[in-house]
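Undergrad: Fold the following.
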Amino acid sequence: MHDDRSLVEARLKRVLDERIRPAVYPESVPLDVAVLTVPGEPVPVAEGLAGPTVPIAVGDRWGAPWGTSWFRVSGTVPQAWAGRTVEALLDLGFDENMPGFQCEGLVYRPDGTPVKGLNPRNQWVRVGAPVAGGEEVLLHIEAASNPVILDYHPFLPTRLGDKETAGSEPQYTLARMDLAVFDENVWNLVQDLEVLGELMQELPVDGARRWDLLRAIGRALDAVDLQDVNGTAAAARAELVDVLATPAEPSAHRISAVGHAHIDSAWLWPLRETVRKVARTTSNMTALLEDEPDFVFAMSQAQQFAWIKEHRPEVYAKVKKAVADGRFVPSGGMWVESDTNMPGSEAMARQFVHGKRFFLDEFGIENDEAWLPDTFGFAAGLPQIIKAAGSKWLLTQKISWSQTNKFPHHTFQWEGIDGTRIFTHFPPVDTYNCSMKGSEIAHAAKNFKDKGVAQHSLAPSGWGDGGGGTTREMIAKAARMRSLEGSATVTWETPTDFFTKAEAEYPNAPVWVGELYLELHRATLTSQAKTKQGNRRSEHLLREAEMWAATAAVRTGFPYPYEELDRIWKTVLLHQFHDILPGSSIAWVHREAEKTYAAVAEELNAIVDAAQRALAGDTAAGGTLLFNSAPHLRGGIPAGGAATVTAGSGGRLAPREAGGYVLDNGLLQVEIDGRGLVVSAYDIGAERETVAPGRAANLLQIHPDFPNMWDAWDVDAFYRNTVTDLTDLDDLTPVEEDGSVGVRIVRSFGDSKVTQLLTLAPGVKRLDIDTEVDWHETEKFLKAAFPLDIHAERYASETQFGHFYRATHTNTSWEAAKFEACNHRFVHLEEPGWGVALVNDSTYGHDVTRTVRASTAGTTTTVRVSLLRAPRFPDPETDQGVHRFRHALVPGATIGDAVREGFRINLPERRVAGDRAVAPLVTVDNDAVVVSAVKLADDASGDVVVRLYESTGGRARVRLGAGFELGDLAVTDLLERPLAGATVPERAGDGVQLTLRPFELITLRFGRS
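TA: Numbers count the residues shown, from 1 in each chain. As a prediction, this is how the structure comes out:
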């Protein structure tokens, strides 16, 4: 037989496109349309429904950027259509090739009842099935004219990302507003042909099944009368019955499909628009659940549920009913789908606390899975946090985006820094927007790396980010693939159903130890510096507010601000969403974030101030107390306490013979040359130089930074090929103040200016570096380099509840790909017996490289801190303006010193008028054990909750002392619930005795007697 595959395949495409799909709606009549254009921000539904309208016609332009238009569409069903199914087709000007990221609508009835969303691939509203004829149709559409930011030529700078710069030019053209007859038989023929045609393309040419499908499709096309598609669709479908009925092989890959609509809580739209995106999508999904009994939809992010509860109660009522029915599944148990690299220990824990608690309170549901399909890599501290929150599974898809290395598993056990393992799944379909295309289903089966030992994978299915979620077409295609020869099987199931089956079939899944590093989007550790600073400072202010409010509540009866702290935590957690904290959102989002963080700081500082004044005694007595919020003794002040302290003796500042200055405090001698660069940092006690021979530290370096794509997200390895050392000097001035000695350095470069203050304080082996940058560069990357005279094959970066080691070498492609990585408060390098720490107050990105010195032998290991970038997409003004950073170089530091100094720089002492020393509410007698939270229990019982962890990577025996009368004691999960089977620590006087494993975290709940 001749090979006519290409002929039949081309015929199928054209007949579907030009004859069969258009016949789904064989008859139509236009609707009358009028519009209310809302200036400024969206209005309540009732106002939009009642507002005055003016006529508008198909073909007219509408919608200024970020505007809202309320369309009123009306018409009458023709009598001739009696007995047929009728739908309204409402095309706002959609581009179907872009399922999301453009205009959207939510359809309401005149009484304010939401009907469903309108999206590029979901433009219909059912009027009747069947209709009697003569029905009056009246619908209202709340339409958002969100501009297209990520267009066909992506990553072009645009001013559309902020309403203040977007202008008023209409963005869309009203395309179609019709009543139309819906021919379900033709629609089903489309689904039949799409499923079989897509499957056919994926089957081997030498296999019989491919030819069976080809011949059946040919017969079906022969049966279609192209001048009477509607009259012959049934005959065409009859030709496909047998090939659709042939069941899947027993060994076929098994896909658990779950309805899904990944909605970024902010990205190419502001937070306020996400509220409406969620309302539109959930309206779609609750309507679809009513029509499709087998369908299951999962939605993560408790914040998004909370938004529609507050702003769209009419939509939330439908969601709550669908959840009660078990088919709309709250998933993930987190407040938002956050970044997991940069959030601090407590913040990462609170993502689960607030997310799980919302789902428990609202729905009585407890999640076993963490659901993070789009997060840009996963910190090695996360498994322990997931387990401590009472969960046991993780789903993500993002690692499939890695550019260099292919991850070796799709289902595996992920082991964190403390040894906790979490059963983890990467969907081999390689998308969280599966549309049930044959190519996607075939890819999932072929791509699955655990064949032979496992058979199940998950496919999150539906259009996200304004695409409206799962469609009826996806459900129809999945039904045909439930058991279809040549295809993986597809069944709608909840995440819990999937994970239960997957875990049961794969009891000995392979283990991956350490971080799940995404080999892409590395620049998200640096972009939008003020957002990152706002996050870091909010996290530490929350620590202070909880600790001092709890201490004051126990000691003085100070009213503990439960509601305020709950609200502020949720605000901070929201801004850790994986496109806000990483700096990859439009200008509007980051402009608002800066204002939000300022308000958060003001409110938290007020709480801290009020609590400390309540503790400080007589504020008029003339005394001054220093409050230490850090978890370590500092300058004689206990951790979590306050006392009066006298200043130590000062350091020495002298001119340097070759130019510059020498700073000396008896512990550390620092030489700063005439260029303002640190050429020596000598550890006097250890008789050890820190700076590599012939090199200079605190060297600012600038690189061109124009990645191949994803400007705010990516920095590509070739950026390192070109570098400029910033050594030109405007001014070098000695500074002496309060016993500290230092120099002020001023440099200009390009259109920017940097001022640095290098300070050596008395009594500490630490060089403090305060940097102010007035930044006006474009597509540049600014770093600060510290070449160290140290030989180390690995270095430590702080992560949640501990630290994680990375290689300094590039032996393999896995190590070479980590050319930009994340740290929290410190990085630490060490030779046996001597180390160096570099600590920071708000930066995350860094790189570490090593070279061997040819002239003097020995190894130079260079740590470079990433300070600022200047990408132009999606925010064309990214990071322009004044920024302030604090770092410190700590020679001779152990890992414990790195931990202590990292807390110190992020928790500066506070001076408060008063005469009463404050004893800590809790104490620990082992510096390796860090108290990460002291607070009152969230249930307002008055119990004291203490969370602590081992911070150095070793075993720790510790006595935790309580500065109050102890009552009951419980070991709890992160939600402050007693852990079943947990060993209660032994009492030791006014405290308890504990033994912690390396990096183990534990939460204790103390009743007060």
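Undergrad: Find the residue at the geometric middle of this structure.
TA: Here the mean C-alpha position of the chain is nearest to the C-alpha of His578 (C-alpha atoms, centre = their mean), at a distance of 2.1 Å.
Undergrad: which element follows the helix or strand of the chain with the lowest mean pLDDT toward the C-terminus?
TA: Lowest on mean pLDDT, DSSP states H and E among the helices and strands of the chain sits strand 986-988, with a mean of 89. Proceeding C-terminally, strand 986-988 gives way to strand 991-996 as the next helix or strand, assigned by DSSP states H and E.
Undergrad: Need the mean per-residue confidence for the next helix or strand after that following strand.
TA: Read in the C-terminal direction, the helix or strand following strand 991-996 is strand 1001-1008, with elements assigned using DSSP H and E. Looking at strand 1001-1008 alone, the average pLDDT works out to 97.
Undergrad: Kindly report the same for stretch 305-325.
TA: Computed over stretch 305-325, the mean pLDDT rounds to 97.
Undergrad: who touches that stretch?
TA: For stretch 305-325, the external contacting residues (C-beta atoms under 8 Å, 6 or more residues apart in numbering) are 45, 112-114, 274-275, 278-279, 282-283, 285-286, 289, 297, 299, 328-330, 358-359, 362-363, 365, 570. Every residue, glycine included, has its C-beta placed from N, CA and C.
Undergrad: Inside strands: which ones of the residues you listed?
TA: Where those overlap with strands, as defined by DSSP state E, the overlap consists of Pro114, Phe297, Met299, Phe328, Val329, Pro330.
Undergrad: May I ask which two of those are separated the most?
TA: Considering C-beta to C-beta, no two members of the ones in strands among the contacts of stretch 305-325 lie farther apart than Pro114 and Val329, which are separated by 20.3 Å.
Undergrad: before we move on, the earlier item: which of the ones in strands among the contacts of stretch 305-325 ranks first by neighbour count?
TA: Neighbours were tallied for each of the ones in strands among the contacts of stretch 305-325 (criterion: other C-beta atoms under 10 Å), and the maximum of 29 neighbours falls on Phe297.
Undergrad: Would you report the backbone torsion angles of the closest residue to that one other than its chain neighbours?
TA: Leaving out its chain neighbours, the residue that sits closest to Phe297 by C-beta to C-beta, 6 or more residues apart in numbering is Gly259, at 3.4 Å. Summarising the backbone geometry of Gly259 under the convention degrees, to the nearest 10, its torsions are phi -60, psi 140.
Undergrad: From Val918, how far out is Gly259?
TA: Separation of Gly259 from Val918 (C-beta to C-beta, to the nearest Å): 54 Å.
Undergrad: Same check on Leu626?
TA: For Leu626, the distance to Val918 - C-beta to C-beta - is 10 Å.
Undergrad: More neighbours: those two, which one.
TA: Set side by side, Leu626 and Val918 show more neighbours around Val918, with 25 against 17, by other C-beta under 10 Å.
Undergrad: For the stretch 451-600 of the chain, which segments count as strands?
TA: Listed in chain order, the strands of the stretch 451-600 of the chain (DSSP state E, counting those that start in this stretch) span 456-461, 489-492, 511-513.
Undergrad: Also the stretch 751-900 of the chain?
TA: In chain order, the stretch 751-900 of the chain shows strands spanning 752-760, 767-775, 780-788, 794-799, 802-807, 821-822, 826-831, 834-840, 845-852, 859-869, 881-891, with DSSP E, counting those that start in this stretch as the criterion.
Undergrad: Could you say which one of these comes nearest to Ile702?
TA: In terms of C-beta to C-beta, the element of the strands of the stretch 751-900 of the chain nearest to Ile702 is strand 780-788, at 5.4 Å.
Undergrad: Count the residues that sit near the closest residue to Asn628 other than its chain neighbours.
TA: Counting by C-beta to C-beta, 6+ apart, Asn628 lies nearest to Ile637, which is 4.0 Å off, once chain neighbours are set aside. The local packing of Ile637 (other C-beta under 10 Å) involves 23 other residues.
Undergrad: what does the one 3 residues further on give?
TA: Each residue near Gly640 was counted by other C-beta under 10 Å, and the total is 25.
Undergrad: Confirm it sits in a helix?
TA: No. Using DSSP: H, G, I helix; E, B strand; the rest coil, the secondary structure at Gly640 is coil, not a helix.
Undergrad: Can you tell me, leaving aside adjacent residues, what's nearest to it?
TA: With sequence-adjacent residues excluded and distances taken as C-beta to C-beta, 6+ apart, Gly640 is closest to Pro920, at 3.7 Å.
Undergrad: Pro582 too?
TA: Leaving aside its sequence neighbours, Pro582 sits nearest to Thr524 (C-beta to C-beta, 6+ apart; 3.3 Å).
Undergrad: Leu221 in helix, strand or coil?
TA: Under three-state DSSP, the three-state class of Leu221 is helix.
Undergrad: dump the residue contacts of Pro171.
TA: Small correction: residue 171 is Gln, not Pro. The neighbours of Gln171, taking C-beta under 8 Å, 6+ apart as the test, are Gly63, Ala64, Pro65, Cys103, Ser145, Pro147, Val148.
Undergrad: circling back: mind checking how far the residue nearest to the centre of the chain is from Leu106?
TA: Looking at His578 against Leu106, where the rule is C-beta to C-beta, the gap reads 25 Å.
Undergrad: With Met474 instead?
TA: Spatial separation of Met474 from Leu106 under the definition C-beta to C-beta is 20 Å.
Undergrad: ok, now Pro561?
TA: When C-beta to C-beta is applied, the distance between Pro561 and Leu106 equals 37 Å.
Undergrad: Please identify which of these two sits among more neighbours.
TA: A direct count of neighbours by other C-beta under 10 Å for Pro561 and Leu106 places Leu106 higher, at 25 against 21.
Undergrad: Please settle this for me: is the more buried one part of a strand?
TA: Yes. Applying three-state DSSP, one finds Leu106 inside a strand.
Undergrad: who touches it in this structure?
TA: The neighbourhood of Leu106, defined by C-beta under 8 Å, 6+ apart, consists of Pro114, Lys116, Gly117, Leu118, Ile141, Glu142, Arg276, Ala279, Arg280, Ser283.
Undergrad: Below-threshold pLDDT in the stretch 1-150 of the chain: ranges please.
TA: 1 (pLDDT under 70).
Undergrad: just the helices in it please.
TA: According to DSSP state H, counting those that start in this stretch, the stretch 1-150 of the chain carries its helices in the segments 5-15, 45-50.
Undergrad: Now tell me what touches the shortest one from outside.
TA: Helix 45-50 is contacted by residues Leu36, Val38, Pro42, Thr68, Trp70, Tyr108, Pro110, Gly112, His140, Glu142, Arg312, Glu314 when judged by C-beta under 8 Å, 6+ apart.
Undergrad: Go again with 6 Å.
TA: Contact partners of helix 45-50, identified using C-beta atoms under 6 Å, 6 or more residues apart in numbering, comprise Trp70, Gly112, His140, Glu142.
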